[in-house]
Structures are given as C-alpha cells and as structure tokens.
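**Student:** Provided below are the primary sequence and the corresponding predicted coordinates.
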Amino acid sequence: MHLTFIPGVAWFVIKVACFMFFYMWLRATLPRLRYDRLMAFGWKVLLPLATLNLVVTAVVVAYTGLGGSWLHASTSITPAQS
C-alpha cells in the first residue's frame with residue numbers, strides 16, 4: 001500500500017504531531033529526576049559499568065586478535081635509519 005497521495009508536508013506535520021504527543025505523554029507520566037540522584041547514578045553505576053566495559057573490551061581484543069593490524073608488534077613505528 002503506497003501512500004503517495006499524501007503530500008510530504010502533511011507527512012511531516014503528522015510525524016511532528018505524533019512526536020509531540022508521545023513526548024508530552026512521557027513527560028507527564030514519568031517522575032522528574034532530581035539532579036543529585038542523577039549524579040549519584042552516574043558516579044555509582046554508570047562509571048563502574050563504563051570501566052568494566054573498557055576492561056572487558058581490552059581483554060577480548062588482546063586475547064582474540066580482533067584488534068586489527070594496529071595491535072601487532074610487526075606494524076609498530078620504528079625510528080628512521082640514517
């Protein structure tokens with residue numbers, strides 16, 4: 001089913017109206033986040049998760065060789081010979 005009979009401007013207005021409806025609906029139903037709780041969540045939860053993600057990714061790349069050619073010593077930069 002092709003909806004080519006609806007002009008592009010009408011599609012844009014419909015999409016904007018749907019977005020605004022859902023945005024206002026979510027904003028009205030969800031509680032506000034306090035700044036101190038949001039900062040505590042960032043420091044106590046998100047920072048440790050990001051650090052764990054970094055460590056796990058480094059271990060996987062180091063042990064599986066999925067890092068690409070930049071990881072191997074054979075492609076390291078050597079000083080120019082004079």
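**Tutor:** Yep, that arrived.
**Student:** Which residues belonging to the helix or strand where Phe21 lies are considered buried?
**Tutor:** When secondary structure is defined by DSSP states H and E, Phe21 falls within helix 8-29. By 16 or more other C-beta atoms under 10 Å, helix 8-29 has no buried positions at all. C-beta here means a position set from N, CA and C on the backbone, and glycine is covered the same way.
**Student:** ok, then the element right after it?
**Tutor:** Moving on from helix 8-29 towards the C-terminus, the next helix or strand you reach (DSSP H and E) is helix 35-41.
**Student:** Can you point out the buried residues in that following helix?
**Tutor:** Counting neighbours by 16+ other C-beta under 10 Å, one finds that helix 35-41 has no buried residues.
**Student:** any idea which helix or strand comes after that helix?
**Tutor:** Following helix 35-41 in sequence order, the next helix or strand is helix 47-64 (DSSP H and E).
**Student:** centre of the chain versus that next one, how much separation?
**Tutor:** The gap between the average C-alpha position of helix 47-64 and the chain average comes to 16 Å, counting by C-alpha atoms, centre = their mean, to the nearest Å.
**Student:** For the helix holding Phe21, give me every contacting residue.
**Tutor:** Helix 8-29 is contacted by no other residue when judged by C-beta atoms under 8 Å, 6 or more residues apart in numbering.
**Student:** How far off centre is it?
**Tutor:** The gap between where helix 8-29 is centred and where its chain is centred comes out at 23 Å by C-alpha atoms, centre = their mean.
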